[in-house]
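Student: Requesting a structural model of the entry that follows:
(2 chains)
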Amino acid sequence: MNAVIIVFPGTNRERDMAIALERASGRKPTLLFHRADALPAGTDLVVLPGGFSHGDYLRSGAMAAQSPIMQAVRDFAAKGGHVLGVCNGFQILTEAGLLPGALLRNATLRFLSMDCHMRVERSGTPYTAHWQKGAVFRAPMAHGDGNYFCDDETLARLNGEGLVAFRYSTPAGEITDAANRNGARQNIAGILSPNLRICGLMPHPEDLVDPLMGGTDGLPMFTSLVESLATA
Amino acid sequence: MKALVTVMPKAGVLDPQGKAIGHALSSLGFAGVADVRAGKVIELELAETDPAKAKAAAEEMARKLLANTVIESFRVEVV
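Tutor: Now for the predicted structure:
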């Protein structure tokens, strides 16, 4: 799997992402600065990692979505390429129009830096193949703007087409308001594109892929990707 | 000429900043503030001298970048 991690000014989770991808695939991903205007030949997966690209100016992800490399990422996605956006990467995907909705300021106005639990709502995708539907996993989150919002029509479509990948839940898998720390609509933590090849989520599975990090809850996302892309 | 682009959270979109400002106003003793919405104003200094063209250009900028129309509405005023 040839993974490319895009680095914007203010990105800070690219090395965590590189560790997770290398652990799952055995191959070092390429780190590509956002001024590039093309992806390397043979790219299988583009990852937009977490951080605070361009200082979150205007809106989180708004500036990065206009970066030179994003046209290449749009073209890659349009041809059926796989694109993962985590945290700020999810914000960039919505700002770029590659995923619907937007990430609003957390309902409490607090920056949330803590572990959360998510329930897998859709299995059998390139990002979730190694989880069963209904499985619960833990991941750290660290964001100020993670409150997923979309209009009713989009929400109905996401639910109807099974495009909600993850919802915030209790460790037992119950979808409760208390588990929904940032106030996201219907506890949505992560969503998929209709072709299931673009995925965005707020928490950081890449930060829980090794016992030294305190667990391997996040590893199935990356082993799923490796398997899906190896046979693609 | 100058264009002022006012960007506001759309009706129905949660505005926690506005809510927090409202709470602070009431704790300062300002009674009767029913609702507070917080947005932003962006000032553009434009080379264009035709007001209609300047407005159209600023609206295009707002649609493409200055506002996220999923969650925000905007209005442009040329001054």
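Student: Show me the shaky parts of chain A.
Tutor: The model of chain A has pLDDT under 70 over residues A:231-232.
Student: what ranges do the helices span in it?
Tutor: Under the criterion DSSP state H, chain A carries helices at the ranges A:14-25, A:68-78, A:88-95, A:152-160, A:219-230.
Student: any idea how far the shortest one is from the chain center?
Tutor: Per CA atoms, centre = their mean, to the nearest Å, the displacement of helix A:88-95 from the mean C-alpha position of its chain is 8 Å.
Student: Distance-wise, check the most far-flung residue of chain B relative to its centre relative to chain A.
Tutor: The centre of chain B is farthest from one residue, residue B:29, which by CA atoms, centre = their mean lies 26.5 Å away. Using CB to the nearest CB, to the nearest Å, residue B:29 is found at 22 Å from chain A. The way it works is simple: take the backbone N, C-alpha and C, and place the C-beta from them, glycine included.
Student: quick one: contacts for the residue in chain A that chain B sits nearest to?
Tutor: Across chain A, no residue is closer to chain B than residue A:102, which sits at 4.5 Å (CB to the nearest CB). By CB atoms under 8 Å, 6 or more residues apart in numbering or on different chains, the residues touching residue A:102 are A:94-95, A:148-150, B:68, B:70-71.
Student: and residue A:116, bridged to which residues?
Tutor: residue A:139 (DSSP bridges).
Student: how deep is it tucked in, by neighbour count?
Tutor: When neighbours are counted by other CB atoms under 10 Å in any protein chain shown, residue A:116 registers 23.
Student: same deal with residue A:161?
Tutor: 12.
Student: What sits closest to it if chain neighbours are left out?
Tutor: Counting by CB to CB, 6 or more residues apart in numbering or on different chains, residue A:161 lies nearest to residue A:194, which is 6.4 Å off, once chain neighbours are set aside.
Student: and the one you found, how many residues sit next to it?
Tutor: Applying other CB under 10 Å, we find 12 other residues in the vicinity of residue A:194.
Student: Torsion angles phi and psi at it?
Tutor: Note on residue A:194: backbone dihedrals following degrees, to the nearest 10 are phi -60, psi -30.
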